[in-house]
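> sequence unavailable; structure follows:
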């Protein structure tokens, strides 16, 4: 899913009190968003997010 307010790609984790919980691709701190503020991620957007995570991991950065 793409959070339109932050232009971030996240994985859907669940719904609570009318808000959706998203988590960065590959792990990290979850955030909440209203369902109207997201759209499905294109395959290229998902691939970019996964590649960015792999690059951070290869540099030894904390994930």
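That came in fine, so what should we check first? Everything numeric here is computed off the predicted structure, so don't read it as measured data.
> where's the residue most central in space within the chain, which helix or strand?
Centroid-nearest residue in the chain: residue 10, 1.4 Å away (criterion: C-alpha atoms, centre = their mean). For residue 10, the element it lies in under DSSP states H and E is strand 8-16.
> and the helix or strand following that strand, how far out from the chain middle?
Counting by DSSP H and E, the next helix or strand C-terminal to strand 8-16 is strand 19-24. Strand 19-24 sits 7 Å away from the centroid of its parent chain (C-alpha atoms, centre = their mean, to the nearest Å).
> go on, stretch 38-49?
9 Å.
> that older thread, ok, now how distant is the residue nearest to the centre of the chain from residue 60?
24 Å (C-beta to C-beta, to the nearest Å). C-beta here means a position set from N, CA and C on the backbone, and glycine is covered the same way.
> and residue 24, by the same measure?
Applying C-beta to C-beta to residue 24 and residue 60 gives a distance of 18 Å.
> neighbour count: those two, which is higher?
residue 24 (17 against 6; other C-beta atoms under 10 Å).
> quick check: pLDDT value at the closest residue to that one other than its chain neighbours.
Using C-beta to C-beta, 6 or more residues apart in numbering and skipping the chain neighbours, the partner closest in space to residue 24 is residue 10 (5.7 Å). Listed pLDDT for residue 10 reads 94.
> how about the contacts made by residue 10?
1-3, 22-25, 30-31 (C-beta atoms under 8 Å, 6 or more residues apart in numbering).
> 7 Å instead?
When contacts are counted by C-beta atoms under 7 Å, 6 or more residues apart in numbering, residue 10 touches 1, 3, 22-25.
> low-confidence ranges, this structure, go.
Filtered on pLDDT under 70, the chain yields the residue ranges 63.
> find the pair from the contacts of residue 10 with maximum spatial separation.
Maximum pairwise distance in the contacts of residue 10, criterion C-beta to C-beta, is 12.1 Å, between 3 and 25.
> and the strand holding residue 10, what's buried?
For strand 8-16, a neighbour-count test (16 or more other C-beta atoms under 10 Å) marks 8-11 as buried.
> out of those, which is nearest to residue 55?
residue 9 (14.8 Å).
> any idea what that closest one is bridged to?
residue 2 (DSSP bridges).
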